[in-house]
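Enquirer: here is the input, now give the coordinates:
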Amino acid sequence: MLAAGCGGKGRSLLPNVSGKAGEVVAVIDKDSWEGAVGGALRDALASDCPYLAQREPLFSLTNVPPGSFTNMFKVHRNLVLINIDPQVANPGVFYKYDQWAHPQAVVQVSAADRDAALAFVMNDSDKMAEFFEQAERNRIIANAKLYEELSVTEAVRKVTGGGVLHCPTGYKIKKLTDNFLWAADERQYTNQAVLVYRYPAEGDVFTKEAIIAKRNEILGANIPGMFENTYMTTSEGVEPTVRSLSYHGIDFMETRGFWEVHNDYMGGPFVSHSFYSKDGSEIIVIEAFVYAPRFDKRQYFRQVESLIWSFEWEKENS
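Expert: Okay, the predicted model is just below:
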């Protein structure tokens, strides 16, 4: 028992984080918060979330002066600490996990003056946003693994040929074929859904035009609307964006845009990851979309998008 207790030192003894999902507390003095440094923080972390119908910030940013940074705030899930001191010994931007709580994400900016702090924040703005975004994803994925819907996990494995994606309880399979899966968590006023599909890797498959053309073809055939001659497609009102990323050892193309129902008025944001199958003969697409016409969509979309980031190939037995 003593050995087990000693082995549990550290993370297991930390309190659970506080605060709502999507919140970031910025610990910075009032003058800096109201000046250029605070403005740079807001640009980095509270700019508009991309591809949402309504304007919503990427994160809900709150200021706490250093003198008010008590134990109550130290256990917040996401923290930015701005330390401006002429005597600072080690200037720079530092990224930490589980400083005072678990699972916690902390960014510390240490600078000798405000100009240096501003330069650090502006230079690391994208990295800061992605750091907190990944921390939010990790929390959602960890929760999904605790309460996993195993029927969806097994369906993903079959469609992808050995891939694992974790969806929590509440997701139900709406359609499953040899090369297409549609699973959704449908509530009275919200619909969060994951799609997994595959098709032959022929031609230049990773251009935006090729990805969208295949998306429209496959979703049009598999996701009907409520009425005759209605089906899911990609909205042409806002141009989708495509970028190359890598995660869990998988290189993929991320596509963001708006979906809509042809001949109807339903729509919302979507994001997809497109990558090669294990043998390279097919393209695997994992997609998340949300429909929540009565509500702000940031957190609903972040929840379902996080699930597709949980995908990884199963490790083969040695």
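
Enquirer: now the helices for the chain?
Expert: In chain order, the chain shows helices spanning 2-7, 30-34, 36-45, 71-74, 114-123, 125-146, 150-160, 208-222, 298-308, with DSSP state H as the criterion.

Enquirer: deepest of these, which one?
Expert: Between the helices of the chain, helix 298-308 has the highest mean count of neighbours, a mean of 22, where neighbours are mean count of other CB atoms under 10 Å. Glycine gets a C-beta too; all of them are placed from N, C-alpha and C.

Enquirer: what mean pLDDT does that helix get?
Expert: Along helix 298-308, the predicted confidence averages to a pLDDT of 97.

Enquirer: okay, the angle between it and helix 125-146?
Expert: With axes from the mean of the first three to the mean of the last three CA atoms, to 10 degrees applied, the angle from helix 298-308 to helix 125-146 works out at 70 degrees.

Enquirer: mind starting the numbering at 263 from now?
Expert: Sure, I'll start counting at 263 from here, so that last one is helix 560-570.

Enquirer: and helix 560-570, what does it pack onto?
Expert: Of the remaining helices and strands, those touching helix 560-570 by 3 or more CB pairs under 8 Å, 6 or more residues apart in numbering; DSSP states H and E are helix 387-408, strand 453-462, strand 529-538, strand 544-553.

Enquirer: angle of that helix against helix 412-422?
Expert: 60 degrees.

Enquirer: restrict helix 560-570 to CA atoms and write it as CSV.
Expert: Presented in CSV, the C-alpha positions along helix 560-570 are these (Å, rounded to 0.1, in the frame of the first residue of the first chain):
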residue,chain,number,x,y,z
ARG,A,560,-18.7,26.5,-31.0
GLN,A,561,-18.8,23.9,-28.2
TYR,A,562,-21.1,21.5,-30.1
PHE,A,563,-18.7,21.6,-33.1
ARG,A,564,-15.6,21.4,-31.0
GLN,A,565,-16.9,18.3,-29.2
VAL,A,566,-17.6,16.4,-32.4
GLU,A,567,-14.5,17.6,-34.2
SER,A,568,-12.4,16.4,-31.4
LEU,A,569,-13.6,12.9,-31.9
ILE,A,570,-12.2,12.6,-35.4
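
Enquirer: from the chain's centre, how far out does it sit?
Expert: Here the centre of mass of C-alpha atoms in helix 560-570, compared against the chain's by CA atoms, centre = their mean, to the nearest Å, lies 6 Å away.

Enquirer: so what touches that helix?
Expert: Outside helix 560-570, the residues within contact range by CB atoms under 8 Å, 6 or more residues apart in numbering are 283-284, 311, 314, 318-320, 398-399, 402-403, 406, 427-429, 447, 452, 454-456, 531, 533-535, 548-552, 554.

Enquirer: need the buried ones from these selected in ChimeraX.
Expert: Listed next is the ChimeraX selection for buried residues among the contacts of helix 560-570, using 16 or more other CB atoms under 10 Å:
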select :284,311,314,318,320,398,399,402,403,406,427,428,429,447,452,454,455,456,531,533,534,535,548,549,550,551,552,554
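
Enquirer: pLDDT on stretch 463-482, on average?
Expert: 96.

Enquirer: list the contacts for the residue lying closest to residue 347 once chain neighbours are set aside?
Expert: Distances taken as CB to CB, 6 or more residues apart in numbering place residue 374 nearest to residue 347, at 7.0 Å, with adjacent residues excluded. Counting by CB under 8 Å, 6+ apart, residue 374 makes contact with 346, 347, 348, 349, 350, 353.

Enquirer: quick revisit: reformat the helices of the chain as TSV; add distance to residue 527.
Expert: Written out in TSV, the entries for the helices of the chain read as follows (distance: least, CB to CB, whole Å):
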stretch	distance to residue 527
helix 264-269	57
helix 292-296	42
helix 298-307	33
helix 333-336	44
helix 376-385	41
helix 387-408	30
helix 412-422	29
helix 470-484	17
helix 560-570	19
